[in-house]
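Trainee: generate coordinates for the sequence data below:
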Amino acid sequence: MHKVFISYHHHNDQAFKDSLVTFNVTHKIFDDQSVDTGDIDDRLDDEAIRTKIRDEFLKDTTVTILLVGTETKGRKHIDWELYSSMYDGMINKKSGILVIQLPSTNCSSVYATHEGEKQTVYPDILNWTPITERTEFERRHPFLPDRIIDNLLAPKVKISVTTWDKITVGTLKYLIDAAYNDRQSCEYDLSRPMRRANS
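Mentor: Numbers count the residues shown, from 1 in each chain. As a prediction, the model looks like this:
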């Protein structure tokens, strides 16, 4: 099993994170290494929190699952987790990334990047339209963090964007495996400065 870090908005989307963890405990799809409420003292300064996330929780993981709700894109800790997941550092190496849009977003658009993904996860979708413009990503996926959109537009990055209703044992295992297998070839765009505050 791959070691997975789950990034999510703790206040809004804890129930979905808990549901995913329970689903995983039942079906044994991945090894959960994510941060739970209370794992990090929120009285620490921003740099100490960022260091703990990067060097203690992300250091051994190889795939990051981002759960996207309506306020995810404005959360600074999520941006730091994404940056750290994409950064190829000495302690923690870059990870593959899988994005799951939650029902609160009302988003039905998906984005498939891995070989065989369209046939495996979305056999019912027959017509695919390539997206090359940022404005189109923002229209179809209005709640995705800017850093994710930066990388969906990057030519040598493979990030899948799916929806909560598509998650089954088979699809989740496939998407995690695909993110893991393609992570080393991803050339992530890290040019955006890390978020300094929530919005």
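Trainee: show me where this protein has helices.
Mentor: Read by DSSP state H, the chain holds these helices, from start to end of the chain: 10-27, 46-52, 76-86, 117-121, 134-140, 146-152, 169-182.
Trainee: among those, show me which one is buried the most.
Mentor: Between the helices of the chain, the one whose residues have the most neighbours on average, counting mean count of other CB atoms under 10 Å, is helix 76-86 (a mean of 23). (Each C-beta comes from the backbone N, C-alpha and C, glycine too.)
Trainee: so which elements touch it?
Mentor: Using 3 or more CB pairs under 8 Å, 6 or more residues apart in numbering; DSSP states H and E as the contact test, the elements touching helix 76-86 are strand 3-7, helix 46-52, strand 63-68, strand 96-101, helix 146-152.
Trainee: what mean pLDDT does the first one get?
Mentor: To tie it back to what came earlier, the one meant is strand 3-7. When pLDDT is averaged over strand 3-7, the result is 94.
Trainee: hang on, the earlier thing: and the helices and strands packed on helix 76-86 as CSV, adding distance to residue 22?
Mentor: Rendered in CSV, the data for the helices and strands packed on helix 76-86 read as follows (distance: least, CB to CB, whole Å):
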stretch, distance to residue 22
strand 3-7, 12
helix 46-52, 25
strand 63-68, 14
strand 96-101, 15
helix 146-152, 25
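Trainee: and of the ones you listed, who's closest to residue 190?
Mentor: Each of those was scored for nearness to residue 190 using CB to CB, and the closest is helix 146-152 (8.4 Å).
Trainee: what sits against the residue most central in space within the chain?
Mentor: For the chain, the residue whose C-alpha lies nearest the mean C-alpha position (CA atoms, centre = their mean) is residue 66; its distance is 2.7 Å. Residue 66 sits next to 7-8, 72, 78, 82, 97-100, 145, 148 when contact means CB atoms under 8 Å, 6 or more residues apart in numbering.
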